[in-house]
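**Student:** okay, predicted coordinates and the sequence, questions at the end:
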Amino acid sequence: MHIGVITLFPQMLDALRCGGITARALERGLLQLSTWNPRDFTHNKHRRVDDRPYGGGPGMVMQVQPLRTAIQMAISVLGQDTHVIYLSPQGRRFDQNGVQTLLNYPRLLMVAGRYEGIDERLIEQDIDEEWSIGDYVLSGGELAAMVIIDALIRWLPQALGHQESATTDSFYNGLLDHPHYTRPEELAGQKVPAILLSGNHAQIARWRHKQALGKTWRRCPQLLEQLELTAEQQQLLTEFITEQGE
Ligand SMILES: NC(=O)c1ccc(NCc2ccccc2N2CCOCC2)nc1
């Protein structure tokens, strides 16, 4: 997979190379990440990429030409079949389904807006899809792009050491995550649940599934309604509720 980002702040993307799963995936070439800065494609003396908005109003708007030239340069490197997305609060809400959708594009170009946004004519002509990571406004599209890149990387084959953690990622099987514990066994009177020390993997898996069901039931019951729980899951949830003495 080759991802490109059009951004005025390419150094922000370096954060993905600092460590962890994203850094390892990039080092191992599981995906390529390239950036293009519209400022490098300006044709004016002061390398301006923005100008005042027609119709007045506060702030500045990113001009079409530097962005269009940067996008065309990126596509010449990435390939003609590159899918071009724009990060904006008006975009399609990114979620686990979005991960699976975007993974289908071997070549993805992400345009990160700054200032008050970009000239609408660029969106109409050069952008295939708008995506949003949530209903809030950020100073630029870079962090939204990085969130999406991070989520995609976790689903690239071999990106995770033990592959199952992607498929058992809580949101994947529709439930919230079960609790996690590590050394020491006891800490200020807080003990690790004995079942986890038992070595009985079937019972441990059952306990974790029960905890995930219980946590989901507690925190977002509407999520449970969407899932048709199996008889076994109903049994586990009943057990959880009984144990909680609710
Ligand atoms: N939710 C998201 O995915 C998300 C994405 C980007 C983003 N900001 C870049 C941006 C993009 C498009 C339009 C306006 C703006 N903004 C520029 C800066 O000023 C505010 C408006 N914000 C939130």
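**Tutor:** Thanks, I have it.

**Student:** spell out which parts of this protein neighbour the ligand.
**Tutor:** Within the chain, the residues that sit near the ligand (CB under 6 Å from any ligand atom) are 87-89, 113-114, 116-117, 132-134, 136-141, 144. Bear in mind the C-beta positions are built from the backbone N, C-alpha and C, glycine included.

**Student:** output the lowest mean pLDDT helix or strand found in this protein.
**Tutor:** Across the helices and strands of the chain, mean confidence by mean pLDDT, DSSP states H and E is lowest for helix 164-167: a mean of 58.

**Student:** helices along the chain, start to end?
**Tutor:** Ranges of helices in the chain, per DSSP state H, are 20-27, 64-78, 96-103, 120-126, 142-153, 164-167, 201-219, 221-226, 231-243.

**Student:** winner for burial among those?
**Tutor:** Counting by mean count of other CB atoms under 10 Å, helix 142-153 has the highest mean neighbour count of these, with a mean of 21.

**Student:** how big is the angle separating it from helix 20-27?
**Tutor:** 80 degrees (axes from the mean of the first three to the mean of the last three CA atoms, to 10 degrees).

**Student:** got the angle between helix 142-153 and helix 96-103?
**Tutor:** Using the same axes, to 10 degrees: helix 142-153 against helix 96-103 is 80 degrees.

**Student:** any regions of the protein where pLDDT drops low?
**Tutor:** Applying pLDDT under 70 to the chain flags the ranges 162-172, 246.

**Student:** buried ones in the longest strand seen in it?
**Tutor:** Across the chain, the longest stretch assigned as strand under DSSP state E is strand 83-93. By 16 or more other CB atoms under 10 Å, the buried positions in strand 83-93 come out as His83, Val84, Ile85, Tyr86, Leu87, Ser88, Gly91.

**Student:** show me what it is in contact with.
**Tutor:** By CB atoms under 8 Å, 6 or more residues apart in numbering, the residues outside strand 83-93 that reach it are 71, 75, 98, 102, 105, 107-113, 117-118, 123, 126-137, 141, 144-145, 148.

**Student:** in PyMOL, how would I select the buried members of those residues?
**Tutor:** In PyMOL syntax, the buried subset of those is picked out as below (16+ other CB under 10 Å):
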select buried, resi 71+75+98+102+105+107+108+109+110+111+112+113+117+118+123+126+127+131+132+133+141+144+145+148
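
**Student:** just the ones of the contacts of strand 83-93 in strands?
**Tutor:** Counted as lying in strands by DSSP E, out of the contacts of strand 83-93, are Arg107, Leu108, Leu109, Met110, Val111, Ala112, Glu129, Glu130, Trp131, Ser132.

**Student:** now the two most distant members of these.
**Tutor:** Arg107 and Ser132 (21.5 Å; CB to CB).

**Student:** dump the residue contacts of the residue minimising distance to the centre of the chain.
**Tutor:** For the chain, the residue nearest the mean C-alpha position is Ile148 (3.0 Å; CA atoms, centre = their mean). Going by CB under 8 Å, 6+ apart, Ile148 touches Leu87, Phe94, Gly98, Leu102, Met110, Trp131, Ile133.

**Student:** for Val99, same thing?
**Tutor:** Val99 neighbours (CB under 8 Å, 6+ apart): Ala151, Leu152, Trp155.

**Student:** pretty sure the second one sits against Met1.
**Tutor:** Yes. When contacts are counted by CB atoms under 8 Å, Leu152 is listed as touching Met1 (7.4 Å).

**Student:** could you tell me which residues touch both of these two?
**Tutor:** Counting by CB under 8 Å, 6+ apart, the residues touching both Leu152 and Met1 are Leu31, Leu103.
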